[in-house]
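Asker: A predicted structure for the sequence below; I have some questions about it.
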Amino acid sequence: MYLTASESRALSRLFGLLAEDMAERDVRQRIGYGLLDMLRADHFASFVWDDAAHRFDACVSINMNADTLGTYDSYFQFHDPITFKLQARRVPTLVTQVMPQNELMRTEFFNDFLARDGLHWGVNSYSYADGRSIGDLRIWRGKHRDNFDGHTLDLLRLIEPAFAGALRRVSLRAPGAVDIAGAEMASLSSRELAVAQMVGEGLTDKQIAQRLDVELSTVRTYLKRCFLKLGVNRRGGLATAVGRLKRN
């Protein structure tokens, strides 16, 4: 995957941001600003799925009218022809992958909700933990821009594990929350988990490579994958995640 210099810088900022200790709404709000900049997008919204109420709630948004969002909360989320299809895919997806643009433009949802704020081309990403939807990213461009593309999906696939990891950490800090450290670590492959555990033991990259009989570069690849999946950006954060699992 080719990244421009500006995209590399933007990704670095986003990963650093997602490693910070923030409130849940701040995680979604601040990543929204970063995504609008990196993806040259115009509008952003993020919701959390409430399983008990069977609805999207806890909206944060950028460049969207509060009154328009109020109509989504009260009516359009229940008459929405695309979002459940996007959510079901569980991977970053262009809106046009689930409904052709000309078909979407004929719907009440487009004309009385999306178009009111100038939302035209969309891409969504939904994050899950332990089988539960924990937050989404809904990014839109205006009609004056081109549609998002496969490169956009590649960028969001890089970001989604760190975003999910940040939301999982928030849930661990919430009063009365169920500790899901095990669910975090379960996202790792067996080799990634082995590397994470050796980091928790205090081994260096070279020592891990010797123990696993692999190249040093291979260990560092595993570490990068662990960082992405757990939403951390350094060895100390990985060791903390391993330690939390051991305590449970």
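Answerer: Ah, there it is. From a predicted model like this one, the values you see are computed outputs, not experimental measurements.
Asker: Spell out, range by range, the helices that occur in the protein.
Answerer: 5-18, 24-38, 66-74, 83-89, 101-104, 108-109, 150-173, 181-186, 190-200, 205-212, 216-230, 235-247 (DSSP state H).
Asker: now those in JSON lines, with mean pLDDT, distance to residue 134 and mean neighbour count?
Answerer: All C-beta spots, glycine's among them, are computed from the backbone N, C-alpha and C. Below are these laid out as JSON lines (pLDDT from 0 to 100; distance: least, CB to CB, whole Å; neighbours: other CB atoms under 10 Å):
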{"stretch": "helix 5-18", "mean pLDDT": "91", "distance to residue 134": "14", "mean neighbour count": "15"}
{"stretch": "helix 24-38", "mean pLDDT": "93", "distance to residue 134": "9", "mean neighbour count": "19"}
{"stretch": "helix 66-74", "mean pLDDT": "93", "distance to residue 134": "19", "mean neighbour count": "14"}
{"stretch": "helix 83-89", "mean pLDDT": "94", "distance to residue 134": "12", "mean neighbour count": "16"}
{"stretch": "helix 101-104", "mean pLDDT": "98", "distance to residue 134": "27", "mean neighbour count": "13"}
{"stretch": "helix 108-109", "mean pLDDT": "97", "distance to residue 134": "24", "mean neighbour count": "16"}
{"stretch": "helix 150-173", "mean pLDDT": "88", "distance to residue 134": "5", "mean neighbour count": "19"}
{"stretch": "helix 181-186", "mean pLDDT": "56", "distance to residue 134": "10", "mean neighbour count": "17"}
{"stretch": "helix 190-200", "mean pLDDT": "85", "distance to residue 134": "21", "mean neighbour count": "18"}
{"stretch": "helix 205-212", "mean pLDDT": "90", "distance to residue 134": "31", "mean neighbour count": "16"}
{"stretch": "helix 216-230", "mean pLDDT": "86", "distance to residue 134": "14", "mean neighbour count": "19"}
{"stretch": "helix 235-247", "mean pLDDT": "70", "distance to residue 134": "17", "mean neighbour count": "16"}
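Asker: Could you dump the ones you listed into CSV and include distance to residue 144?
Answerer: Putting the helices of the chain into CSV (distance: least, CB to CB, whole Å) gives the following:
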stretch, distance to residue 144
helix 5-18, 21
helix 24-38, 15
helix 66-74, 19
helix 83-89, 23
helix 101-104, 14
helix 108-109, 21
helix 150-173, 17
helix 181-186, 41
helix 190-200, 43
helix 205-212, 48
helix 216-230, 33
helix 235-247, 41
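Asker: wait, what's in contact with residue 85?
Answerer: Applying CB atoms under 8 Å, 6 or more residues apart in numbering, we find residue 85 in contact with 98, 99.
Asker: what's the domain layout of the chain?
Answerer: 5-173, 181-247 (automatic domain parsing).
Asker: So which residue is smack in the middle of this protein?
Answerer: Centroid-nearest residue in the chain, with CA atoms, centre = their mean: residue 160, separated by 3.2 Å.
Asker: Correct me if wrong: it contacts residue 128.
Answerer: No: counting by CB atoms under 8 Å, residue 160 stays clear of residue 128, with 9.8 Å between them.
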